[in-house]
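Enquirer: Show me the folded form of this:
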Amino acid sequence: MVDTSYRPALARFTVDDDGAVTVDWIVLTASIVLLGVGASFYVTSTVPKVADSIVTFMDDHEIRDEE
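Expert: Modelled structure (predicted):
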């Protein structure tokens, strides 16, 4: 008869740490990617506003030609 008890398998699973470094690497890489995506969304939403304010500032000022 086959032992269908889950306790030995559960005990081995809780002690075994194979693959822990891989999981850490994946979590760290995913967090860095998410930070990059968040930063890119912030930049792409902010750049047009800054560009508009620069255009407004430059339109309000006149450059004199001194000879």
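Enquirer: Tell me where this protein has helices.
Expert: Secondary structure of the chain (DSSP state H): helices at 7-15, 20-60.
Enquirer: export those helices to a markdown table and tack on mean pLDDT?
Expert: Converted to a markdown table, the helices of the chain look like this (pLDDT from 0 to 100):
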| stretch | mean pLDDT |
| --- | --- |
| helix 7-15 | 83 |
| helix 20-60 | 94 |
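Enquirer: Pipe the ones you listed into CSV and attach mean neighbour count and distance to Glu66 per row.
Expert: C-beta here means a position set from N, CA and C on the backbone, and glycine is covered the same way. Listed next are these as CSV, based on neighbours: other CB atoms under 10 Å; distance: least, CB to CB, whole Å:
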stretch, mean neighbour count, distance to Glu66
helix 7-15, 9, 80
helix 20-60, 10, 18
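Enquirer: quick one: contacts for Thr22?
Expert: Going by CB atoms under 8 Å, 6 or more residues apart in numbering, Thr22 touches no other residue.
Enquirer: Ala9 versus that one, what's the distance?
Expert: 21 Å (CB to CB, to the nearest Å).
Enquirer: same thing with Thr46?
Expert: Taken as CB to CB, the span from Thr46 to Ala9 is 53 Å.
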